[in-house]
Structure formats: C-alpha cells, structure tokens
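Sequence plus the predicted model coming up.
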Amino acid sequence: MESSTFVLFGATGDLAKRKIYPALYNLFIDGKLALPFSVIGLGRRQLSDREFQSNVEQSLNSFSRRKPHDPSTLQAFLSAFRYCSLNVSQPTDYGKLLTMAREREAELGIPENRIFYLSVAPEFFGTIATNIKQSGLGTGQGWKRLIIEKPFGHDWQSARELNEKLSQTFEEHEVYRIDHYLGKHMVQNLEVLEYANPMIHALWSNRYISNVQITASETVGVEQRAGYYDQAGAIRDMFQNHMLQLLMMLAMHLPRPSNPEEVRAKKKRVLEALRPLNRGDVAANVVRGQYDAGEIAGRNVVKYTEEPGIDPHSNTDTFIAARLWIDDYFWTGVPFYIRTGKSLNEKSTRIVVEFKQPLQHGDAVHNYPPNLLVIEIGPDEGMYLQLNSKDPRDGKIEPFITTSLGRPTDVPEAYENLIHDALEGEPTFFAHWDEVELAWKWVQPILEAFEANEVPLRRYRAGSAGPEASYRLLEQQGHQWWLDKVPAHDSTTADTTGGTTHEVFS
Ligand SMILES: NC(=O)C1=CN([C@@H]2O[C@H](COP(=O)(O)OP(=O)(O)OC[C@H]3O[C@@H](n4cnc5c(N)ncnc54)[C@H](OP(=O)(O)O)[C@@H]3O)[C@@H](O)[C@H]2O)C=CC1
Ligand SMILES: O=C1O[C@H](COP(=O)(O)O)[C@@H](O)[C@H](O)[C@H]1O
C-alpha cells in the first residue's frame, strides 16, 4: 500500500464520527495504514486543526472498539489530521483544498495519491465529483479514488443519472461504492463457503436445497434519521442494497478461489437471472409493513407515524418481505425469501438454507425436521447446521444444532475492512455499478407499486416478528421462517383501504 491523502467530505458529520475515525484509528494501531498518512477533513463550519483533532479524539473515546490508551500513539495518529472549511457547492473553495493537499504532500513527502470519501448527503455526490475534476484535485501524478456512501440514487433513473455524472470524472475502477454489509466478516466468508467446503459444494443446488431465507431484523426504529428514512423506507434503505448483496454473495457459484472480476461477474449473473417482477405481481410476492406502537425490551415504542419528523399520514414501509426466484441452472425452483424491518423483536442478520426431504423408502415418506445451514451475519457471528439424531430414550428423531463456529469478539468492523480495501485498491467487496443498476432495475416495479398504493400496508406491533402476512408468503410454498426468536407472535394487520383487524398468529 502506498501513502496517500484521505480527503473526507462530511468530516463533522455523524458517520465520520461513529465509523470513519474509529476505522482509521484501528487500522493505524494495527499498522495497516501506509505512513506517512494525511487526512484532510471538510465541512462548512469553521474549525481550527486543533479543534478538529480534538473532535476526532472524542469520537475515538466514544465509538472506537479499542479506546486510545497510549498518549504518544494517539498524538501520532491525530497529527495526520488537518481541517479545511469548504462549501461543496462553491467551486472556488476547491482551490483552497488543492493548495492544502499539495502543501501536505510536499511536507510529508507523499505522492499525489488521493482518496476522496463522500460522507455527505447524496444530493452532493455529483457536484463534488464535478468540482474535484474542475479544480485539478482529481488529476496529476498518483492514483485517485472515490468512496461513495449510500444511498446510490433514489430509484433506477436517478441512480443512472448519478452514475453518468460520476463517470465523467472517475473511471469505474476508481469508484468504491460502500455497502457496509460487504465489509462484515460473515458476508466476506460467503465468498469461500462453497469452495472451502466440499460438503456444501456437493449439496449447493436445487437438487438438495428447498429454499433460502435471508433476514435482517432490527430493534431500532428510525432514530435521528426521520427525514431520510421517510423518503427511503425499508425497500431503499436495506432491500435494494444490503439484502440483494447478501442474496448475490450466497447464490453466486464460486467453486474455486477467484479474482475480484470473477466474483463481480458471478454476482452480476445472479441478478441477471433474477426473475423480473411485473408490477401486477408485486402484491402477490411482496409484503409491505409499517410498525404500530409496542414494546421492545421493556421500552415503549410509538407507532411509526408518531415518530418525531415523520409525516403522520406516511405510508412508508418499515418492513418488507419478498419471494424471489433465480432462474439459472443451479437455483431454478428454489424460492429465496428476504425480509427486513425496523422495530422488530430481535437484532439479527441471518441466512438459513433449508435442505430438501429426500427420504422416501417404499411408500413411507419421512417428514423429519429439515436439515438447515444457518449463517449468523451479526451481531452474533457463526455458522452451524441443524441435523437430526435419535433420542436414546424413546428412539424419536429430534433435531439438534451443531456447535456454532466461535468467533473472536474483537475483530475489525466492516468500515475498517472496507476503508483498508479501498486504500489498497482492492475492489471485491464494493458494489460495482452493474450490480447497483441491476438491483435498482429489479426493485423499480416494487417502488412503483408501493407509490401507487397497490400493495396493502400491513401494520405490525413494535417488538413483534413483523406482519403475519410475511408468514403466509412462505406458507404458500409449504415453507416457514426458521429460527425466529418468537415463533408465535401477534400482529395487527390493516390494509391501506380497509379497517384494522387484530390477528393472533401461531
Ligand atoms: N450516519 C449513518 O449512520 C449513515 C450514513 N450514511 C450516509 O453517509 C453520508 C453522511 O451521513 P451523516 O454523517 O449521517 O450526515 P450528517 O448530516 O451527520 O453530516 C453531513 C456532513 O456534511 C457536511 N455538509 C453538509 N452540507 C455541506 C456543504 N454544503 N458543504 C460542505 N459540507 C457540507 C456537514 O458539515 P457542516 O455541517 O460542517 O457543513 C457534515 O459534516 C450520507 O450519504 C448518508 O446517507 C450511510 C449509512 C449510515
Ligand atoms: O445501512 C443501514 O444499515 C443499518 C443496519 O446495519 P447493521 O450493520 O446494524 O445491520 C440500518 O439500521 C440503517 O437504517 C441502514 O441505513
């Protein structure tokens, strides 16, 4: 890795404070940053370098997985940070930034390698890229890279427009689109799942797999991000990006170690094989939900439309479940169920692969509990199998769970992995434009059907496992969600046109 300048737009913002500074610090103390290293933080407000460094220090004390204990190490880290007040929409401000970048490069003797991290509101992404180009910051000796935060567009059209704008300044290989799920260990592990495990390789197709379930359940609501979330909903916030990335990572076929291009090509192939959903089919294949008041871990939760900053008449989805089909050689006939939601009963991201029931001896069909492969993505990390065994007392066949793969707790966070990869120029775990575009294209009919209110808005109690309709979605194929924390739950179901009915589901 070569020394570089890390130019951070949005240096006074929430993400920088909670994720980016702690990631840089942990990379620094692990010796994973090429030294000397230069960081230039940008924001509109006026700050001295000293004030900026003090803010960075506070962020480490609050959010870093390893707190700074050694004053000289901390000082060495903070000394890399400089601040420049800049309005992203003001082209002349970029001249000031260029001068500072060059001065620091000369002072530290580092090449003109510059990485621009856009941790600002998405409406600024295009403007910043243009200004980087016009100011000369993006040219000259050395490599130039752009890290882009999500969301990448609001729909298919706006994503294409944004990409078009970025591509006037940066080549695709210079753009690193962050999807922090791709930085998680267990997601990165999916790359080796098939080729490092001959047993899984042998079983990895529609011949043995009945269905796949991908769940990202959150206990938090919209928190401080009402303005953004009410425009986005679960479909844009989680489904179009993180959930479809999990789908691609699981369903791609990598029977041997591959390079980044191959991984991306295989992921793209999964989305290309995804059966398109016509707008008229959305209601039959997608469940849209919104949380009502409830209780989560002893905490009272108000209903979504009473959250501060949310439109009281909002129809925004805080929950989505969908049934998808990958029409390729390996997965034809295997439903992939995906669901994600806020204010649910559990914080967990989990993939469950259910295997088929092939045991038929003569006329007897044995309906044993299914074999499951369970991949815990977070906050627990691990992988285990549900197998069956005979109870020695009564001979009954019962399921048991193999021991989960234990993971050390103090492992690098997703942002550490991703920032390190971007500094190294390693693109495997970033979203390529082809994937982003195909993902938007696939969800576009869902966005339109939601917008036109063609899909009932199912209300669910905060602290439940989501709307009952998400269970019915699986029952249609004779399936059920496995390993829910509370398998029996109550929910309140309403559609956008009718009254509310309280249903108990068990
Ligand atoms: N926070 C999070 O948990 C997550 C955030 N993201 C994404 O990260 C990005 C940043 O989010 P977040 O940190 O939460 O946002 P914040 O609102 O907390 O921060 C915005 C930053 O942008 C700067 N800024 C705003 N307007 C201008 C301007 N005209 N010129 C220069 N700087 C400006 C602000 O600095 P100042 O006020 O000093 O001008 C501030 O540093 C967004 O794209 C968001 O979608 C993605 C995933 C999670
Ligand atoms: O990108 C986002 O992800 C978080 C969930 O991430 P996790 O790592 O905690 O699973 C989600 O809360 C947020 O709304 C979304 O923007």
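Nice, I can see it. Ligands and ions are numbered 1, 2, ... in the order given.

just the helices in the stretch 351-500 of the chain please.
Taking DSSP state H, counting those that start in this stretch to define them, one finds helices in the stretch 351-500 of the chain at 414-424, 433-451, 469-475.

Give me whichever of the ones you listed is most buried.
Neighbour counts averaged per stretch over the helices of the stretch 351-500 of the chain are highest for helix 414-424, at a mean of 21; criterion: mean count of other C-beta atoms under 10 Å. For the C-beta atoms, the positions are set from N, CA and C on the backbone; glycine is no exception.

Indicate which one of the helices of the stretch 351-500 of the chain is closest to residue 125.
Taking C-beta to C-beta as the criterion, helix 433-451 is the member of those that comes nearest to residue 125, at 12.8 Å.

Now tell me what touches the closest one from outside.
Judged by C-beta atoms under 8 Å, 6 or more residues apart in numbering, the contacts made with helix 433-451 from elsewhere in the structure are 152-153, 155-156, 159-160, 163, 172, 175, 177, 233, 235-236, 239-241, 244-245, 248, 264, 267-268, 271-272, 274, 276-279, 282-283, 286, 288, 315, 317, 322, 455.

Now the residue in the chain positioned nearest to ligand 1: closest residue in space, sequence neighbours ignored.
Shortest the chain-to-ligand 1 distance, computed as C-beta to the nearest ligand atom: residue-wise this is residue 13, at 2.4 Å. Counting by C-beta to C-beta, 6 or more residues apart in numbering, residue 119 is the residue found nearest to residue 13 once chain neighbours are left out, at 5.8 Å.

Give me the neighbour count for residue 268.
The burial metric for residue 268, expressed as a neighbour count using other C-beta atoms under 10 Å, is 17.

what sits against it?
Contacts for residue 268 (C-beta under 8 Å, 6+ apart) come out as 432, 434-435, 438.

now do 6 Å
Counting by C-beta atoms under 6 Å, 6 or more residues apart in numbering, residue 268 makes contact with 434-435.

Adjust the sequence numbering to begin at 25 for everything that follows.
Shifting the count to begin at 25 puts that one at residue 292.

What sits closest to whichever residue of the stretch 225-374 of the chain sits closest to ligand 2 if chain neighbours are left out?
Of the residues in the stretch 225-374 of the chain, the one nearest ligand 2 is residue 261, at a distance of 4.8 Å by C-beta to the nearest ligand atom. Closest residue in space to residue 261, ignoring its immediate chain neighbours: residue 253 at 6.3 Å, by C-beta to C-beta, 6+ apart.

now swap in residue 158 and tell me
Nearest non-adjacent residue to residue 158, counting by C-beta to C-beta, 6+ apart: residue 115, 6.3 Å away.

My understanding was that that neighbour contacts residue 155; is that so?
Yes: at 5.4 Å, residue 115 counts as touching residue 155 under the criterion of C-beta atoms under 6 Å.

Pull the contacting residues for residue 295.
Taking C-beta under 6 Å, 6+ apart as the contact definition, residue 295 lies against residue 462.

Where does the residue nearest to residue 279 when sequence neighbours are not counted sit: helix, strand or coil?
Nearest in space to residue 279, with sequence neighbours left out and distances taken as C-beta to C-beta, 6+ apart, is residue 219 at 5.4 Å. Three-state assignment for residue 219 (DSSP: H, G, I helix; E, B strand; the rest coil): coil.

ok, the residue nearest to residue 261 to residue 407 distance?
Distance, residue 253 to residue 407, using C-beta to C-beta, to the nearest Å: 32 Å.

So which of the two has more stuff around it?
For residue 253 versus residue 407, neighbours defined as other C-beta under 10 Å are more numerous around residue 253 (23 against 19).

Phi and psi next, for the residue nearest to residue 205 when sequence neighbours are not counted.
With sequence-adjacent residues excluded and distances taken as C-beta to C-beta, 6+ apart, residue 205 is closest to residue 266, at 4.2 Å. The phi and psi torsions at residue 266 (degrees, to the nearest 10) take the values phi -60, psi -50.

Can you tell me how far residue 266 is from residue 463?
Here the distance between residue 266 and residue 463 works out to 10 Å (C-beta to C-beta).

same deal with residue 114?
Residue 114 sits 34 Å away from residue 463, going by C-beta to C-beta.

can you check residue 280 too?
Residue 280 is 26 Å from residue 463, where distance means C-beta to C-beta.

Is residue 279 part of a helix or strand, or is it coil?
With three-state DSSP as the basis, residue 279 sits in coil.

So for it, what pLDDT did the model give?
You'll see residue 279 listed with a pLDDT of 81.

For it, grab the count of nearby residues.
Using other C-beta under 10 Å as the criterion, residue 279 is surrounded by 9 other residues.

which SSE is residue 214 in?
Here residue 214 is covered by helix 209-217, with elements defined by DSSP states H and E.

And the strands in the stretch 275-424 of the chain, which stretches?
Counting by DSSP state E, counting those that start in this stretch, the stretch 275-424 of the chain has these strands, from start to end: 310-316, 318-320, 323-325, 343-349, 359-365, 372-379, 384-385, 388-389, 396-402, 406-414, 421-425.

Most tightly packed of those?
For those, the largest average neighbour count (mean count of other C-beta under 10 Å) is found in strand 310-316, namely a mean of 27.

could you give the angle of that strand to helix 457-475?
For strand 310-316 and helix 457-475, the angle between their directions (axes from the mean of the first three to the mean of the last three C-alpha atoms, to 10 degrees) works out to 70 degrees.

Residues in contact with strand 310-316: which ones?
Looking at what lies outside strand 310-316 - C-beta under 6 Å, 6+ apart - the contacts are 327-328, 341-343, 345-346, 367, 470, 479, 481-486, 490-491, 493-494, 497, 516.

domain parsing for the chain?
28-202, 209-438+455-500 (the TED database).

Between the two ends of the last one, how far is it?
The reference is to domain 209-438+455-500. When the termini of domain 209-438+455-500 are compared using C-alpha to C-alpha, to the nearest Å, they are 34 Å apart.

Residue numbers of this protein in contact with ligand 2?
Within the chain, the positions lying close to ligand 2 (C-beta under 6 Å from any ligand atom) are 240, 242, 244, 261-262, 373, 402.

Quick check: of those, which lies closest to residue 505?
Nearest to residue 505 among the residues of the chain next to ligand 2: residue 240, at 12.9 Å, using C-beta to C-beta.

Count the residues that sit near the closest one.
23.

I'd like the next helix or strand past the helix or strand hosting it.
Counting by DSSP H and E, the secondary-structure element that holds residue 240 is strand 233-241. Toward the C-terminus, strand 233-241 is succeeded by helix 250-258 as the next helix or strand (DSSP H and E).
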